[in-house]
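Undergrad: Predicted model and sequence below, questions to follow.
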Amino acid sequence: MPAFAEFLSTTPSRLPPRVADRPVCAVCADSMIAAEASAFLADDVISYLWTCDNCGYGFVTKHSTRIVCN
């Protein structure tokens, strides 16, 4: 049975998004390429559903599209 966890992005990374934001399965350490589903939760929040093809573990990530100025 897949377990679900929530991870929130707090700071933008310096690497390109496809390299830096690629999640790794917490159960089998397999890297995931694409989210299974996505949804807009608010004006500036996108939620992604990830499921590991190797072991079936699933989790949700949430990312803010709001630009943070220093």
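TA: Arrived safely, thanks for sending.

Undergrad: got the CA positions of the helix or strand harbouring residue 38 in PDB?
TA: Assigned by DSSP states H and E, residue 38 belongs to strand 37-42. Output in PDB follows, covering the C-alpha atoms of strand 37-42 (Å, rounded to 0.1, in the frame of the first residue of the first chain):
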ATOM      1  CA  ALA A  37      -1.000  14.000 -11.900                       C
ATOM      2  CA  SER A  38      -1.100  17.700 -11.100                       C
ATOM      3  CA  ALA A  39      -3.600  20.200  -9.800                       C
ATOM      4  CA  PHE A  40      -3.800  23.900  -9.100                       C
ATOM      5  CA  LEU A  41      -4.700  24.400  -5.400                       C
ATOM      6  CA  ALA A  42      -4.700  28.200  -5.300                       C
END
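
Undergrad: just checking, next helix/strand downstream of that strand?
TA: Defined by DSSP H and E, the subsequent element after strand 37-42 is strand 45-51.

Undergrad: Only the buried residues of that following strand, if you could.
TA: Using 16 or more other C-beta atoms under 10 Å as the test for burial, strand 45-51 gives 47, 48, 50. From N, CA and C alone the C-beta is placed, and that goes for glycine too.

Undergrad: Pull the contacting residues for the closest residue to residue 30 other than its chain neighbours.
TA: Of all residues not flanking residue 30 in the chain, residue 54 sits nearest, at 4.2 Å (C-beta to C-beta, 6 or more residues apart in numbering). Applying C-beta atoms under 8 Å, 6 or more residues apart in numbering to residue 54 gives the contacts 25, 28, 30.

Undergrad: Compare the residues you listed and tell me which has the most neighbours.
TA: Most neighbours among these, by other C-beta atoms under 10 Å: residue 25, with 19 neighbours.

Undergrad: looking at it, that one is touching residue 52, isn't it?
TA: Yes. Residue 25 sits in contact with residue 52 when judged by C-beta atoms under 8 Å, with a separation of 4.1 Å.
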